[in-house]
Structures are given as structure tokens and as C-alpha cells.
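1. Give me a 3D structure for the following:
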Amino acid sequence: MQRHRWLATILVLLFVAGSGQFALGQPMPPGPGGMSGPGAMAPGAMGMPSPYGPQTGGPWYQPPTGQGSYPNYYQPWPAVSPYAIDQSDLSNENGLWINDLIPRGQNKKLNLRLDYIRALVSTPNGLVGNPDAPSYKRFIEPLFADQQGGGGGGGGQNQQTPLDPFLGTATAPGFNLPGFNLFDPVNANVVGEPRMKGLRLTLDSTNADGSGLTVTGFWAEDNDASFNARDEVHPSRGTERYLLTNFVLDPTFDPTDPADLAKIAPFTVDEILENNLLNLRGIPLDDGSLRRNPDGTVTGGIAAPYDLEFRLNFTVQQYGTGLSWSGAPIYRTKYIRVNPNYGMRYHSLREHFGFMGMDSGVFYGSTGGGGGGGNNNISGDLKLHSIPDGTDGDGDGIFDNAGGGDDQQQGGGGGGGGAGMSSFVTTNDFLNIYPVTSILRNSVYSNMVGPEVGVNYTIAGERIRVGGKSNFSLLGNFEKIRLSGDNIFPTTRQTQSLLPTPENGRPNRFEETEEHAHVSPMFEQSLYIEGPVLEYIPLVRRVTFLKNANFRLGYTLTVIGEVTRPNNAILWTANPAIGGFPQDPSTGLYPRIQTPERETWKSTAWDFGLSWTW
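-> Numbering: from 1, shown residues only. All right, here's what the predicted structure looks like:
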């Protein structure tokens with residue numbers, strides 16, 4: 001029996017006809033005569049409407065306006081990127097290529113840091129005074145041949161002078177015990193290490209590729225580095241300072257007038273002098289007599305002792321700013337990043353050295369008595385004190401008396417020598433300038449500017465960041481030195497000073513300024529660690545701007561070469577009256593500026609601060 005498969009043929013024909021209708025959902029570009037191109041059918045040409053209704057694009061579809069055109073919401077960079085990203089960073093980590101896409105709006109980060117700085121500055125060093133001039137006790141050493149107790153009936157041979165304990169004792173060849181202080185000079189390092197306090201403000205702008213711009217500024221200073229020689233004497237000394245300076249040393253005071261003596265009662269003149277004239281410090285000076293001989297020996301010079309006040313002060317101030325650009329990382333892993341940086345830096349360093357001293361103008365020593373010996377003549381250069389051992393040798397209630405009486409110095413042996421007694425000589429006349437106050441201040445202003453290069457490095461975890469930077473700068477140092485003062489002269493010799501006049505009340509004052517320019521290299525190394533510590537502290541974490549901040553701890557080492565320190569830029573020459581009479585201040589000898597070998601300046605700083613990132 002024969003079967004006809006006509007049903008399959010009819011179904012295939014219907015499927016082909018239906019497919020033709022579906023293919024016309026998007027018309028071809030219009031052709032001539034309004035048709036859609038050669039052989040094309042218009043919609044509904046078969047008498048059937050489209051089963052999907054009018055054919056339109058979706059909500060983001062824009063009909064093309066011409067051949068090869070783009071939608072009108074696509075604009076050139078940086079308006080809209082068709083990929084909706086600002087940065088694509090391709091890197092290789094352990095053989096795997098990783099492509100980091102930075103979403104729009106996250107291509108730049110700002111970081112603000114505020115740090116509190118505590119820094120130690122290298123201690124000033126160098127003798128305060130002329131290194132070629134003698135100390136005070138070496139200057140008066142020749143006087144003591146006439147200032148010791150006499151023989152008294154043949155005694156007194158091999159008698160030790162009152163100065164020997166101050167000069168030191170030779171106990172063996174090449175070994176000397178140091179002597180006690182007698183207006184000894186000091187090194188500038190007695191002021192200690194200056195300790196600066198200050199602030200630093202830093203603003204970072206970091207791009208998605210790790211590059212960025214940094215602007216920083218800082219300020220720090222210290223004015224507490226000081227030395228007061230009165231701190232070295234027994235605390236019971238100097239308690240009647242007012243009576244000494246306002247009555248006993250007043251040129252109008254008469255020690256034989258009962259009315260004047262009543263002003264200082266219940267004390268006597270000698271008690272006030274013994275207790276309030278102090279064994280402080282002195283300054284070696286060149287008064288014009290210093291000579292360097294052909295064989296290398298140095299002769300001449302003098303020292304200025306101060307028995308009322310001797311103070312030193314050293315002040316440091318620095319401030320600066322910098323602008324640097326960090327390039328893209330030269331080494332980068334998931335946690336480590338190393339960036340080069342380069343920029344410009346300005347650094348201002350200001351250091352001031354100050355001295356203030358007061359001297360009574362009184363000369364005094366110990367006079368030996370008894371037994372045919374003794375010498376009561378006291379040189380005008382002599383200021384003798386008891387050995388500063390903190391004892392009351394003569395039991396008068398005064399420790400380490402001025403005048404040396406506390407040591408019970410004995411006269412010569414034959415016939416019995418009496419105990420030494422303090423003897424004071426004052427210059428109570430209306431022309432003296434005592435008590436005299438000497439002041440000196442030397443300032444060095446170093447303004448340094450120049451380029452810097454270096455590297456920044458960061459190790460960043462999920463929440464803790466550790467990093468640092470190493471920078472080298474080559475700075476032009478524009479330096480200004482200003483020296484000024486008054487009454488720097490040998491204080492035991494009033495004749496080497498100028499007397500005030502109605503026309504010139506300060507004839508011994510001086511002032512000098514110099515300017516220099518040179519190059520100073522600079523190296524700075526800093527390390528830090530920071531993290532969200534504050535969010536774990538009760539109460540503090542309730543403050544939003546503190547909770548969102550990172551606590552930062554840092555250390556910075558700064559080294560600057562070729563820096564002039566003010567204490568070493570002084571030539572200690574002093575004899576204002578060296579020109580003779582009539583007195584002319586312009587011909588006198590005053591301290592001057594000298595430019596010594598420059599040295600390396602260093603500071604080490606710890607800083608504590610907060611940082612915010614957004």
C-alpha cells in the first residue's frame with residue numbers, strides 16, 4: 001500500500017513563511033523609492049502586521065544619525081569613559097598577571113597629617129673664650145710669690161701657696177690630679193643638648209598609579225639650653241645679694257659710718273662680702289697683649305673673672321617647607337611599594353649664643369699674720385676663694401668663703417704664724433662702673449634652599465602601615481652672622497674699659513654683622529608606623545574625626561653639613577680703652593666675628609601625630 005507524506009511538506013513551508021516575517025523586526029536603511037533596498041519587503045507587505053508591534057530600541061538605545069556614528073552620551077575623556085573606570089593597572093605577581101581596575105571617582109586619595117615634634121640638637125662645643133689666652137688661675141699664678149704667709153723667725157720654707165689646690169697636684173710623672181675651680185673657663189657644651197618642640201603639617205595627594213604630590217611645613221624651637229654657674233656653689237651662698245649690690249657696693253656707702261652700717265644690720269660688711277662674692281667662672285681674653293712667638297709659644301693675654309653672675313644660653317629655632325613629587329612605583333608587590341621622589345626644599349636654621357656676667361669689682365685674698373711674716377698687699381687682679389669643697393672650715397657659718405679665710409691658711413712656722421684672714425678692697429669712688437654687667441649675643445641665621453631627591457618606601461597591611469623615606473638635598477646656604485654686646489673687658493682692670501659720659505652712656509657696646517654664601521649638603525632619614533589605634537580607646541572613639549584618624553609614630557634623623565655655630569664664630573678680643581686717652585670707642589678692641597671651620601649639624605626627632613585619609 002502506498003502512503004503520501006504530504007503533511008511534512010506542508011509544515012516545512014509554513015515554518016519558512018513564518019521565519020520571513022520574524023526577520024523584518026529591524027528595517028534596512030531606506031533605499032530609493034522609499035523601499036528598504038533591492039528586493040526588500042516593507043513591514044506588513046504580506047498583509048500581516050508585526051506580532052511584536054512597533055520595533056523600537058531599549059531605554060538606552062539611540063537611533064543612529066549616520067553611518068559609523070556613536071551614541072551622543074559618549075564624550076571625550078575625562079567626561080565619560082565607555083568602560084566606567086579611571087585607571088587600569090596591569091602587574092605581575094609571582095608569574096600571575098593581575099589587572100587592577102580603579103572605579104570612577106577613586107583615582108585620587110588625599111592624606112592630611114599633623115605631628116607634634118620633640119627633637120634633640122647636637123650640643124654646641126668649643127671654649128667660651130680665647131683658646132690662646134690663659135685661664136684666670138694661670139694668669140694670677142705669678143702673684144702668689146708675694147701673697148703667701150711669711151716665715152716668722154726662719155719658718156715658711158717650702159710653704160704651699162693658696163693657689164696650689166686650684167692648679168692641681170702632680171702625684172707621679174705624667175699624672176696630675178685636677179685642680180679645683182677658680183673662675184675656670186667653660187666649654188659651650190655645659191648648656192647641654194637643646195631640646196626642640198614643634199609642629200609639622202603634611203598634605204599628600206596620591207594618584208591611582210601610586211604617584212603623587214606632597215606639601216609639608218614645620219616649625220620647632222628651644223630656648224631652655226642654659227648654664228648658670230651659681231648652681232655649682234653651695235646653696236647657702238649668695239643669700240644677701242640685695243644688701244651687697246644696693247649698699248656695700250654703692251659708691252656712696254661708707255663702711256665707717258654707723259648710719260650706713262645700720263642699713264645692713266645684723267650683718268657686717270665682711271660677712272656680706274664673704275658670703276655673696278662667689279667663685280663662678282671666667283673668660284680668657286686677648287687684651288692686645290697676646291703674642292705668638294716664632295718657636296710656637298704663646299705669651300700675654302688675660303682673663304675676666306665674674307663673682308656675681310655667670311650665665312650662658314643657647315637657643316635653636318628652625319622652620320621650613322618643601323614640595324616634592326613622587327613618581328610611580330619602581331618596585332611594587334601586594335604589600336610593598338617603593339617610589340622615587342624629587343622636589344624643592346627650604347630650611348631655615350637660627351641659632352643664638354648668649355652670655356651674661358656680673359662682677360663686683362672687689363679684689364680680695366687671704367692675708368697671713370703673726371710671727372714676723374705676712375703680706376697684706378693685695379693685687380688688684382686677685383680674687384681668691386676658699387677651696388670649694390662644701391665645708392665650713394672656720395666655723396663662721398659660711399661655706400667656702402670668698403677671700404680664702406675658710407681654709408685656715410697658716411703663716412710661717414718660726415715664731416708661730418697666725419691663721420689667714422679674708423681681706424677685701426673695694427673701689428668706692430664715684431667714677432667706677434662696678435658692679436659691672438657684661439653681655440654678649442651672637443646669632444647665626446642660615447637660610448638654605450635647593451633641590452632634593454630620594455625614595456619613599458611603604459609596607460602596608462590590612463590596617464597597619466610601616467614606611468619611611470631617605471632624601472638627599474644640596475642646598476645653597478645664605479648665612480648671616482650678627483654679634484653684639486656691651487662691657488666685655490678684663491673685669492679686674494677698670495682702666496681697660498671706657499667710662500660712661502653724658503653724651504655716651506654705653507661707650508663699651510659693640511655690634512658687627514657679616515654675610516656669607518656657600519653650599520650645605522643635607523641628608524634626612526625618616527621612619528614611621530601608623531594604624532587605627534584611636535578607634536579602640538573608649539570615649540575617644542565616640543569623636544568621629546578622631547575615630548577615623550590613624551595614630552602615627554615617627555623618627556627623623558636630619559644631618560646638615562657646613563653649618564656655622566654661633567659660639568664658635570666669636571674672636572674673644574677685649575680692651576675698649578686700648579686707644580688711650582682721649583678715649584675713643586672707635587679705636588678700642590672688642591669681640592669680633594670670626595668664621596671658623598664649619599661643622600656638621602645634626603638633630604634626632606620623635607614625632608607623634610594623627611593622619612586622615614579620604
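
2. so how far is stretch 338-358 from its chain's centroid?
-> 7 Å (C-alpha atoms, centre = their mean, to the nearest Å).

3. Enumerate the positions of it that are buried.
-> Counting neighbours by 16 or more other C-beta atoms under 10 Å, one finds that the buried residues in stretch 338-358 are 339, 341, 343, 345, 347-358. C-betas here are computed from N, CA, C, even on glycine.

4. Just the CA coordinates for it, please, in CSV.
-> The C-alpha trace of stretch 338-358 is given here as CSV (Å, rounded to 0.1, in the frame of the first residue of the first chain):
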residue,chain,number,x,y,z
VAL,A,338,59.0,51.9,46.5
ASN,A,339,58.6,55.3,44.9
PRO,A,340,61.2,57.8,43.7
ASN,A,341,60.7,61.4,44.7
TYR,A,342,62.2,64.8,43.8
GLY,A,343,61.4,68.3,44.7
MET,A,344,62.5,71.6,46.3
ARG,A,345,63.2,72.3,50.0
TYR,A,346,63.6,75.5,52.1
HIS,A,347,65.1,75.1,55.5
SER,A,348,65.8,78.0,57.9
LEU,A,349,68.1,77.4,60.9
ARG,A,350,68.6,80.1,63.5
GLU,A,351,70.9,79.6,66.5
HIS,A,352,71.7,82.2,69.2
PHE,A,353,74.5,82.1,71.8
GLY,A,354,74.2,84.4,74.8
PHE,A,355,76.4,85.3,77.7
MET,A,356,75.7,87.4,80.8
GLY,A,357,78.1,88.0,83.6
MET,A,358,78.3,90.4,86.6
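
5. I'd like to know which of the buried residues of stretch 338-358 is nearest to residue 444.
-> Distance ranking of the buried residues of stretch 338-358 against residue 444, using C-beta to C-beta, places residue 351 first at 5.3 Å.

6. is the closest one in a bridge, and if so with what?
-> Beta-bridge pairing for residue 351 (DSSP bridges): residue 316, residue 444.

7. What are the neighbouring residues in contact with the residue lying closest to residue 277 once chain neighbours are set aside?
-> Among residues not flanking residue 277 along the chain, residue 402 sits closest, at 3.8 Å (C-beta to C-beta, 6 or more residues apart in numbering). The contact partners of residue 402, by C-beta atoms under 8 Å, 6 or more residues apart in numbering, come to 273-279, 307, 364, 383, 385-386, 422, 424.

8. how about these in JSON lines, adding pLDDT?
-> Below are the contacts of residue 402 laid out as JSON lines (pLDDT from 0 to 100):
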{"residue": "273", "pLDDT": "93"}
{"residue": "274", "pLDDT": "92"}
{"residue": "275", "pLDDT": "93"}
{"residue": "276", "pLDDT": "94"}
{"residue": "277", "pLDDT": "94"}
{"residue": "278", "pLDDT": "95"}
{"residue": "279", "pLDDT": "94"}
{"residue": "307", "pLDDT": "94"}
{"residue": "364", "pLDDT": "90"}
{"residue": "383", "pLDDT": "92"}
{"residue": "385", "pLDDT": "90"}
{"residue": "386", "pLDDT": "88"}
{"residue": "422", "pLDDT": "69"}
{"residue": "424", "pLDDT": "85"}
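
9. would you list those residues in JSON lines and tack on secondary structure and distance to residue 556?
-> Rendered in JSON lines, the data for the contacts of residue 402 read as follows (DSSP: H, G, I helix; E, B strand; the rest coil; distance: C-beta to C-beta, whole Å):
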{"residue": "273", "secondary structure": "helix", "distance to residue 556": "53"}
{"residue": "274", "secondary structure": "helix", "distance to residue 556": "52"}
{"residue": "275", "secondary structure": "helix", "distance to residue 556": "49"}
{"residue": "276", "secondary structure": "helix", "distance to residue 556": "47"}
{"residue": "277", "secondary structure": "coil", "distance to residue 556": "48"}
{"residue": "278", "secondary structure": "coil", "distance to residue 556": "42"}
{"residue": "279", "secondary structure": "coil", "distance to residue 556": "43"}
{"residue": "307", "secondary structure": "coil", "distance to residue 556": "44"}
{"residue": "364", "secondary structure": "strand", "distance to residue 556": "53"}
{"residue": "383", "secondary structure": "strand", "distance to residue 556": "48"}
{"residue": "385", "secondary structure": "strand", "distance to residue 556": "47"}
{"residue": "386", "secondary structure": "coil", "distance to residue 556": "49"}
{"residue": "422", "secondary structure": "strand", "distance to residue 556": "55"}
{"residue": "424", "secondary structure": "strand", "distance to residue 556": "55"}
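
10. ok, residue 244 touching residue 276?
-> Yes: Residue 244 lies in contact with residue 276 (C-beta atoms under 8 Å); the separation is 4.4 Å.

11. list the residues that contact both of the two?
-> residue 308.

12. Just the buried residues of the helix or strand where residue 205 lies, please?
-> Assessed by DSSP states H and E, residue 205 sits inside strand 195-207. Neighbour counts over strand 195-207 (16+ other C-beta under 10 Å) mark 196, 198, 200, 202, 204, 206, 207 as buried.

13. Quickly run through the sheet partners of that strand, with directions.
-> strand 108-121 (antiparallel), strand 212-228 (antiparallel).

14. quick one: buried residues of the shortest one?
-> By 16+ other C-beta under 10 Å, the buried positions in strand 108-121 come out as 111, 113, 115, 117, 119, 120, 121.

15. of all those residues, which comes closest to residue 543?
-> residue 113 (18.0 Å).

16. picking up where we left off before, show only the entries of the buried residues of stretch 338-358 found in strands.
-> Among these, the residues falling in strands (DSSP state E) are 339, 341, 343, 345, 347-358.

17. In contact with residue 292, which residues?
-> Residue 292 touches 132, 298, counting by C-beta under 8 Å, 6+ apart.

18. For it, which residues count as its bridge partners?
-> Bridge pairing for residue 292 - DSSP bridges - gives residue 298.

19. Okay, now the unreliable bits of the stretch 351-500 of the chain?
-> Along the stretch 351-500 of the chain, the model assigns pLDDT under 70 to residues 367-377, 405-422, 427-431.

20. Show me where the stretch 451-600 of the chain has its helices.
-> Secondary structure of the stretch 451-600 of the chain (DSSP state H, counting those that start in this stretch): helices located at 544-547.

21. again with the stretch 251-400 of the chain
-> 258-264, 269-276.

22. which parts of the shortest one are buried?
-> Looking back up the chat, that one is helix 258-264. Result for helix 258-264 [16+ other C-beta under 10 Å]: buried residues 260, 261, 264.

23. Does the first one touch residue 247 like I think?
-> Yes: judged on C-beta under 8 Å, residue 260 makes contact with residue 247 at a distance of 7.1 Å.

24. Which neighbours do those two have in common?
-> Joint contacts of residue 260 and residue 247 (C-beta under 8 Å, 6+ apart) are residue 253.

25. Tell me which helix or strand residue 423 sits in.
-> strand 418-425.

26. ok, for residue 319, nearest residue in space, not its chain neighbours?
-> Per C-beta to C-beta, 6+ apart, closest to residue 319 is residue 219, 4.2 Å.

27. sorry, that was for residue 112
-> residue 612 (5.0 Å).

28. how close does the residue nearest to residue 277 sit to residue 279?
-> 7 Å (C-beta to C-beta, to the nearest Å).

29. Who are the contact partners of residue 515?
-> Residue 515 neighbours (C-beta under 8 Å, 6+ apart): 478, 479, 480, 481.

30. just residue 491 next, same as before
-> 304, 305, 306, 357, 359, 361, 436, 438.

31. try it again with 10 Å
-> 183, 282-283, 285, 302-307, 357-361, 381, 383, 433-436, 438, 497, 574 (C-beta atoms under 10 Å, 6 or more residues apart in numbering).
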